[in-house]
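>>> one predicted model, sequence on top.
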Amino acid sequence: MRHIHFILNPKAGRGNNTIDLALLNKHFDKKDFTIVIKPTSYKKHAIKLAQDSITENADIIVACGGDGTINEVASCLINSNIALGIIPIGSGNGLASNLNIPKNINNALALIKKQSTKKIDVGQLNNHYFFSNTGIGFDAQVIKNYEASNERTLSSYIKATLKSLKKVNKLVEVETSINGKTIQHKPFLIFISNSNQMGYNVSLTPKASLEDGKLDILIVKKIGAFKIFLFSILMFLKLHHILKEVDCYQTKQLKIAQKDKPLFQTQIDGEFIMVKNPVINISILEKALKVIA
Ligand SMILES: Nc1ncnc2c1ncn2[C@@H]1O[C@H](COP(=O)(O)OP(=O)(O)OP(=O)(O)O)[C@@H](O)[C@H]1O
């Protein structure tokens with residue numbers, strides 16, 4: 001008998017998500033599986049629900065939502081033998097796209113029933129985990145504006161990006177240590193990715209792999225409005241790396257320190273997080289998450 005717990009974010013994507021027992025019973029025979037469905041009621045509730053599911057001896061915990069919900073559930077499963085399942089009903093669904101998990105719910109459930117697992121790398125930023133990506137600078141500002149819009153659609157993401165352009169001159173000076181090199185700079189963006197998908201089929205790090213034991217880093221130097229526009233167009237063509245202001249790295253760890261401010265504005269798996277520390281240390285935990293894919 002296998003115990004599967006579904007943690008459902010009803011607000012992910014366009015909202016009003018329902019996954020009910022009638023649907024799950026069509027896929028999971030009562031002789032072989034017990035099913036529990038736990039809807040979330042507030043932000044970060046999935047963490048508490050996943051922790052409860054661990055003490056209730058779940059064999060598989062399924063995050064039903066987007067990258068934010070996956071982050072909350074998967075952060076409880078690092079180095080655990082419990083497998084993470086994913087039903088991608090979020091907006092961007094970056095990690096699920098990288099894992100080729102079907103967007104069709106019935107197909108995603110059929111995949112979970114097969115229980116074929118693999119181990120993937122996990123990123124760590126101070127005491128936070130990330131599975132897709134994290135970043136400071138422009139993308140953190142975009143996510144901050146995106147969350148303030150209270151809508152999780154591609155058009156509100158584009159509006160948040162345009163709004164963030166107004167703040168591009170307020171760059172923070174940082175010291176970045178990567179692969180034995182230390183850089184003093186005011187970057188437009190430092191993007192750190194485990195996955196080759198950001199969501200909406202867009203990628204800043206198309207060569208990243210969830211299983212290579214490395215993080216793919218993109219550092220974009222201070223750029224003006226025209227170059228930002230060019231960068232966006234090239235990003236959709238996956239050619240942004242050709243700009244001279246863009247540096248790409250692969251690494252197992254990096255450190256970013258601020259001199260003048262005690263806080264870091266970051267985005268972690270598409271959620272805005274204020275890190276209360278002037279230094280962030282980022283590293284990779286190799287093959288630390290068991291996922292059904
Ligand atoms: N009941 C709830 N009410 C409000 N917010 C919730 C609720 N349950 C979860 N959340 C929050 O919703 C946010 C968005 O979730 P999630 O990232 O899964 O969806 P998404 O943003 O639509 O997808 P993606 O990240 O793939 O673009 C998360 O911060 C999560 O904590």
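Perfect, thanks for sending it. Numbering: from 1, shown residues only.
>>> run a quick neighbour tally on Val172.
Using other Cβ atoms under 10 Å, Val172 has 15 neighbouring residues. Every residue, glycine included, has its C-beta placed from N, CA and C.
>>> that one is in contact with Lys261, isn't it?
Yes. Using Cβ atoms under 8 Å, Val172 is in contact with Lys261, at 6.5 Å.
>>> contacts only, for the closest residue to Lys186 other than its chain neighbours.
Spatial nearest neighbour of Lys186, excluding adjacent residues (Cβ to Cβ, 6 or more residues apart in numbering): Leu171 at 4.0 Å. Contact analysis of Leu171 by Cβ atoms under 8 Å, 6 or more residues apart in numbering lists Gly137, Lys186, Pro187, Phe188, Lys222.
>>> three-state assignment of Leu171?
Three-state assignment for Leu171 (DSSP: H, G, I helix; E, B strand; the rest coil): coil.
>>> distance of it from the ligand?
Using Cβ to the nearest ligand atom, to the nearest Å, one gets 26 Å for the distance from Leu171 to the ligand.
>>> same question for Asn93.
5 Å.
>>> what about that residue, how many residues nearby?
Neighbours of Asn93 (other Cβ under 10 Å): 26.
>>> ok, now which ones touch it?
Gly66, Asp67, Lys103, Gly199.
>>> near the ligand too, which of those residues?
Filtering the contacts of Asn93 for proximity to the ligand (criterion: Cβ under 6 Å from any ligand atom) leaves Gly66, Asp67, Gly199.
>>> separation between the second one and Ser132?
Spelled out, it's Asp67. As defined by Cβ to Cβ, to the nearest Å, Asp67 lies at a distance of 5 Å from Ser132.
>>> cool, and the first one?
For Gly66, the distance to Ser132 equals 10 Å [Cβ to Cβ].
>>> just Gly180 next, same as before
As defined by Cβ to Cβ, Gly180 lies at a distance of 27 Å from Ser132.
>>> higher neighbour count, the two?
Using other Cβ under 10 Å, the more surrounded residue of Gly180 and Ser132 is Ser132, with 29 against 6.
>>> what does the stretch 101-250 of the chain have sitting close to the ligand?
Arg152, Gly199.
>>> can you give me the neighbour number for whichever residue of the stretch 101-250 of the chain sits closest to the ligand?
With Cβ to the nearest ligand atom as the measure, Arg152 is the residue of the stretch 101-250 of the chain nearest to the ligand, at 3.9 Å. By other Cβ under 10 Å, the residues close to Arg152 number 20.
>>> so where do the helices sit in this protein?
Ranges of helices in the chain, per DSSP state H, are 21-27, 45-55, 67-74, 94-98, 105-114, 138-148, 154-164, 225-236.
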